[in-house]
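Q: For reference, the sequence and a predicted model appear below.
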Amino acid sequence: MHNWDFRRGIASMQLQAQLGVEHGLSLAACLEGTGLTPAQLADSTAIVSAHQELALVRNLVRGLSHVPGLGLEAGTRYHFTAYGILGFAIISSPDLRSAMDVALRYLNLTYAYNHITAEEGEDEMLLLFDDSAIPEDVRQFLLERDAAAALILQREMFSSSLVPRRVSLRCRRPDYAEQFTRLFGVEPQFGAARNEVALDAAVLDSPLPQANESSRRMAEEQCRKLLAARKVRSGLAERVRDRILHQPGHIPPMTAVAGDLLLTPRTLRRRLLEEGTSYKALTDEVRETLAEELLSAANLSVEQIAERLGYSEAASFIHAFKRWKGRPPHSYRLGK
């Protein structure tokens, strides 16, 4: 199960289909292999899988390979309104630090394929874009798109041009490198060890012009409910999840669960994929949900929680929790 493999709103597919049509692709060509009709694409309330959006992205990358910096252009279309209620929670936060915390905690309500985390030093904060799980044929496009979208969102918070200290990217220097410089305001370093955008720590605590604590609380509560609703399982996935929940500290192997359900492991894997999930995703969901409850209500140490969730060592649990929530368990507990 990839970090990006979760259900999402359809707004992102709408934006990218519009991009494709404006560059000369037919709507049918944009939607090929997505399983969506034009009428379904127009339904702003629709929820799609990450794989459906990935199919559209592939159509753009293949059909518009002659357009330089297509991912950058796509990213500039992601204004805060594209993120729905999460966008309002972000932009009504008191400062950039709080806004980034909200965005990373509810990353599964965005459209990102890069796994985005933050590292704070003495005088700067690094936004890290891990693209290692993204298929190679669309990796460049989605790195450009997600990085540009993050920049646009930050600038809209301040209603001004926020220029990073530096930008480092793992990819080779493309022929259109100057487009990065024009967009970010700084020339990136290409061929770097990891993808990162460095922000001056001085801006992190600057008040945001649209800050509103009441609006932020209400919007974040709706984000929690929306995220919980998207995690609701039915069908075979729910039956598998129930079996995992019986003994969360002793996750059964997929072969055992498949046997309980009178299925072969291969059939179980295929049917879960058809429902937009996987066995690993379901075990992660169970552990994530129980971890939140234990950190919020139980007087247990991180080490004790890790043991109850079936981790052999606390470090593995901490790494998994940071992947889920964008911050370590201790920080999450203090923030409750």
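A: Cool, the structure landed.

Q: Residue ranges of each domain in this protein, please.
A: 8-203, 233-335 (automatic domain parsing).

Q: how about the strands in the protein?
A: Secondary structure of the chain (DSSP state E): strands at 8-9, 47-48, 115-120, 124-130, 166-169, 189-190, 196-200.

Q: Counting by contacts, list what the last one packs against.
A: When contacts are defined as 3 or more C-beta pairs under 8 Å, 6 or more residues apart in numbering; DSSP states H and E, strand 196-200 sits against strand 124-130, helix 136-158, strand 166-169. To be clear about C-beta, it is placed using only N, CA and C from the backbone, and glycine gets the same treatment.

Q: list the helices and strands the shortest one packs on?
A: I take that to be strand 166-169. helix 136-158, helix 177-184, strand 189-190, strand 196-200.

Q: avg pLDDT for it?
A: For strand 166-169, mean pLDDT is 98.

Q: Equivalent analysis for stretch 31-47, please.
A: For stretch 31-47, the per-residue pLDDT averages 92.

Q: what's the answer for stretch 55-67, then?
A: 98.

Q: Let me know which of the strands of the chain is the nearest to Asn108.
A: Closest to Asn108 of these, according to C-beta to C-beta: strand 8-9, at 7.9 Å.

Q: Partner strands of the closest one, with direction?
A: Paired strands of strand 8-9, with direction, are strand 47-48 (antiparallel) (DSSP bridges).

Q: Go ahead and name everything in contact with the partner strand.
A: 7-10, 13, 34, 36, 230 (C-beta atoms under 8 Å, 6 or more residues apart in numbering).

Q: run the last query once more with 6 Å
A: Here strand 47-48 makes contact (C-beta atoms under 6 Å, 6 or more residues apart in numbering) with 7, 10.

Q: circling back: out of the strands of the chain, the one nearest Ala17 is which?
A: Nearest to Ala17, of all these, is strand 47-48, at 11.7 Å by C-beta to C-beta.

Q: ok, now how distant is the residue found closest to Leu153 once you drop the neighbours it is linked to in the chain from Asp95?
A: Spatially, and ignoring its direct neighbours in sequence, Leu153 is nearest to Phe80 (5.8 Å; C-beta to C-beta, 6 or more residues apart in numbering). The gap separating Phe80 from Asp95 is 16 Å, by C-beta to C-beta, to the nearest Å.
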